[in-house]
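1. Here is a sequence together with a model predicted from it:
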Amino acid sequence: MYFLWCARLTEGKDNLATMLTEVRALTETYLDGAGILAYRPNSTNDGYEHVQIPWPDRIVELDDVVHGIASEINGLERPHGRPPEPQIPTRRAVDVTDLDPDDEQVD
């Protein structure tokens, strides 16, 4: 399973480090891969600019994730049409206390 996340980062509210922690939690638990694209208002507030992800935090380029997703979709031919059996880990892969709490749902 792959995940693509595009986010507009708001000054004082959002930050790239939190986004990377959340994505890492997903990829270290149950996702096969994730691609992220972050952007923010430019200095003149009349458009947006891309937020560069530091090289140590890049596992693959976004284009590679998109290509991987396409390859997975094209190769979905399972015998008998059943998904594989789940793999249950023996311990947690991520310390959930490092993650931001979910927002309360508003009805």
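-> That came through, no problem.

2. ok now stretch 21-34, how far from the chain's centre?
-> 6 Å (C-alpha atoms, centre = their mean, to the nearest Å).

3. ok, now stretch 94-107?
-> 15 Å.

4. please begin residue numbering at 38 from this point
-> Understood, numbering begins at 38; the last thing we discussed is stretch 131-144.

5. which strands and helices sit next to the longest strand along the chain?
-> Secondary structure assigned by DSSP state E gives strand 70-78 as the longest strand of the chain. If you count contacts as 3 or more C-beta pairs under 8 Å, 6 or more residues apart in numbering; DSSP states H and E, strand 70-78 packs onto strand 39-45, helix 53-64, strand 85-88, helix 99-111. Every C-beta, even on glycine, is put in place using the N, C-alpha and C of the backbone.

6. which of these sits most buried?
-> Mean neighbour count (mean count of other C-beta atoms under 10 Å) peaks for helix 53-64 among those, with a mean of 16.

7. Would you mind giving the orientation angle of that one with respect to strand 70-78?
-> Interaxial angle, helix 53-64 versus strand 70-78 (axes from the mean of the first three to the mean of the last three C-alpha atoms, to 10 degrees): 160 degrees.

8. Done for today, thanks.
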